[in-house]
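What follows is a predicted structure for the sequence shown.
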Amino acid sequence: MSKDEQPAYKRRNRVVSVADALAGAIDPVLRKRGFAGRDIITHWPAIAPPPFDRTTLPDRLSWPRAAHNAEGATLHLRCAPGQALFVQHEAPAIAAAVNRYFGYVLVKDVRLCAEPFTPGSGRKVQKPYQPSQSMLAKVGAQTEKVEDDNLREALRTLGLALSSRSKRNSG
């Protein structure tokens, strides 16, 4: 089996995190960007000093080609609009924070990347779901025979949540 072929899926009979399940698909992409592992990307909010944990995101690592110049890589960061000057000024502090996190000199220099980045662009804002009167009546009719008040209210809340989820998926 060559290096690029993925081994056959092995059932583990236990719960596996999404990060572990997707590791085989994500790691080759990260290696092309210069990252040996996922740590610098997944733990960036813990690595970067404030406010850079919210306004920057690592894009890639560029390693030097010469053997005599292998003291560290160049970290390319995406930054929020209007933060470029501040990030460039504090580049040594960012590099020191990354090196301190890993315990060795990983990053020698920090440069800015031209790729756009907006803080919180990965988060989706969902508008609150307002169930219709017919849905309230339907869920109420299904849960009215439950004697315990707390259980009835919990089942009603669950029924409304499930109806909102099925409505979002279908429409």
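Perfect, thanks for sending it.

tell me the contacts of residue 84?
Taking CB atoms under 8 Å, 6 or more residues apart in numbering, we find residue 84 in contact with residue 112. Glycine gets a C-beta too; all of them are placed from N, C-alpha and C.

Kindly provide the distance from it to residue 55.
For residue 84, the distance to residue 55 equals 10 Å [CB to CB, to the nearest Å].

can you pull the pLDDT of the spatially most central residue of the chain?
The centre of the chain sits closest to residue 42, judged by CA atoms, centre = their mean, with a distance of 6.4 Å. Looking at residue 42, its pLDDT reads 81.

The residue nearest to it when sequence neighbours are not counted in helix, strand or coil?
Setting aside the residues directly before and after it, residue 42 is nearest to residue 19 in space (CB to CB, 6 or more residues apart in numbering), at 7.3 Å. Here residue 19 takes the helix state, with states given by DSSP: H, G, I helix; E, B strand; the rest coil.

Contacts for stretch 65-83 next, please.
By CB under 8 Å, 6+ apart, stretch 65-83 touches 34, 55-64, 87, 94-95, 98-99, 105-113, 115-119.

Stretch 35-53 now?
With CB under 8 Å, 6+ apart, stretch 35-53 has contacts from 19, 23, 26-27, 30, 54, 56-58, 60-61, 87, 90, 93-94, 97-98, 101-102.
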